[in-house]
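In: next come a sequence and a model predicted from it.
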Amino acid sequence: MRAVARMLLSSLSFCFVLAVDARAEQSLQILYTLNCSGCHGAAGLGVPEAGIPNLDEVGRYVSTKLGREYLIEVPGLSQSRLDDATVARLLNWVLRQFSARRLPEDFKPYSASEVARFRADKVSDPRTRREAILAELRSRGRLETGKDRAALSMP
Amino acid sequence: MDDQAVMCLLDKTAEKASRTLARLTSRRGVLSALGKLVLGRAVLPLLPIDRTYGRTDPHQTDATQCDYWKYCAMDGQLCSCCGGTGTQCPPGTEVSKVSWVGTCLNSQDGKSYLVSYSDCCGRSSCGRCYCSANVRERPGYDMAIHNDVNWCMANGNASYHCTVSVIVGVLE
């Protein structure tokens, strides 16, 4: 009888562990909805005319060193309450979800340690930094000249 | 007591125990018990049980009251009170282009939902049914999760009229 009880008990606790695992693993879609979608929108379209970029464009940034760092340094990510590993997972997801066609072929996903490093650098003048990145992209032919500035802006 | 006697005693005890176990239980019995458990586990959540266990305030089910569960981070005037509905802006206003997304627990089904609070813009304030609830919200020094903001700021006409709340997801 005791053996039966033990078996029942172990199968019960197995079910319990499964349930806890499922709950702990919040999907990235939910993280995006909760932390980003308020401004960037469910489809990542943003409000370019109000300075909220369309996420369709962000993939361009990762092809330069400064641009890759900049995506972490923008206030929305660097000052968020998410930990480094989660920021890395979320940004990788956003890039693939909304900007896959802009990503360079040799794109290497962000890592938690990379996020920790860039996050420490608080950009005092994001606008100038962004202009420098866009100028570099333009000179490399990765950005059409005359491309609407608002579409690429990051507050 | 020598070694042999000890081994003999162990043998006898083990034999007795396993015979008792075999007599009291059946393999099919175990299978059927396990089957019932698996089935029970699947069916149990479907039963119409009151999952609030008496903890719910009756108002949490009343959408005209500020403590309605979906308003857990509502900071504004209810559009349902201002010529619109809980999820639709009143005529003559347009929905804000940015919004605040929070999480509210519906104690009736025990699930947490992602709720997006959008403002309706373009007319002066409605002035009725103001609610201020702040689950998951923080003061202005934590801008990313601050809800005391005019979400009409990204619209052409930024005057605030009222607030709607839309369920945009569910936490499993």
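Out: Noted; the coordinates are in hand. Numbers count the residues shown, from 1 in each chain, chains lettered A, B, ... in the order given.
In: what is the least confident helix or strand in chain B?
Out: helix B:27-43 (a mean of 88; mean pLDDT, DSSP states H and E).
In: ok, now chain A?
Out: Result, chain A / mean pLDDT, DSSP H and E: helix A:2-24, a mean of 53.
In: tell me the helix or strand right after that helix.
Out: helix A:28-35 (DSSP states H and E).
In: tell me the contacts of B:Ile145?
Out: A:81, B:136-138 (CB atoms under 8 Å, 6 or more residues apart in numbering or on different chains). Any C-beta I mention is one placed from the backbone N, CA and C, and that applies to glycine too.
In: pick out the most distant pair among those.
Out: Using CB to CB, the contacts of B:Ile145 span at most 12.5 Å, a distance reached by A:Arg81 and B:Glu137.
In: those two: who's more crowded?
Out: Neighbour tally, A:Arg81 and B:Glu137, criterion other CB atoms under 10 Å in any protein chain shown: the higher count belongs to B:Glu137, 17 against 10.
In: hmm, B:His146 and the more buried one touching each other?
Out: Yes. Judged on CB atoms under 8 Å, B:Glu137 makes contact with B:His146 at a distance of 6.6 Å.
In: where does pLDDT dip in chain A?
Out: A:1-26, A:145-155 (pLDDT under 70).
In: three-state assignment of the residue nearest the centre of chain B?
Out: With distances taken as CA atoms, centre = their mean, B:Ser112 lies nearest the centre of chain B, 1.8 Å away. Three-state call for B:Ser112 (DSSP: H, G, I helix; E, B strand; the rest coil): strand.
In: residues in contact with the helix or strand harbouring A:Gly76?
Out: Assigned by DSSP H and E, A:Gly76 belongs to helix A:75-78. Helix A:75-78 has contacts (CB under 8 Å, 6+ apart) with A:36, A:39, A:71-72, A:87, A:91, A:118-119, A:122, A:126, A:155, B:143-144.
In: swap in 7 Å and give it another go.
Out: A:72, A:87, A:91, A:119, B:144 (CB atoms under 7 Å, 6 or more residues apart in numbering or on different chains).
In: what packs against the least confident helix or strand of chain B?
Out: Counting contacts by 3 or more CB pairs under 7 Å, 6 or more residues apart in numbering or on different chains; DSSP states H and E, helix B:27-43 packs against helix A:2-24.
In: please redo it, this time with the cut-off set to 6 Å
Out: With contacts defined as 3 or more CB pairs under 6 Å, 6 or more residues apart in numbering or on different chains; DSSP states H and E, helix B:27-43 has no helix or strand neighbours.
In: hey, where'd the helices end up in chain B?
Out: B:3-24, B:27-43 (DSSP state H).
In: chain B against chain A: which residues are in contact?
Out: B:24-25, B:30, B:41, B:97-101, B:114, B:144, B:154, B:168-169 (CB under 6 Å from any CB of the partner chain).
In: repeat the analysis, applying 7 Å as the threshold.
Out: B:21, B:24-25, B:30, B:33-34, B:37, B:41, B:97-101, B:103, B:114, B:144, B:154, B:168-169, B:171-172 (CB under 7 Å from any CB of the partner chain).
In: now distance to A:Gly46 too, for the contacts of B:Ile145, in CSV please.
Out: Formatted as CSV, these follow (distance: CB to CB, whole Å):
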residue, distance to A:Gly46
A:Arg81, 21
B:Arg136, 23
B:Glu137, 23
B:Arg138, 23
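In: nearest to B:Gly76 among these?
Out: B:Glu137 (12.4 Å).
In: how near is the closest one to chain A?
Out: 12 Å (CB to the nearest CB, to the nearest Å).
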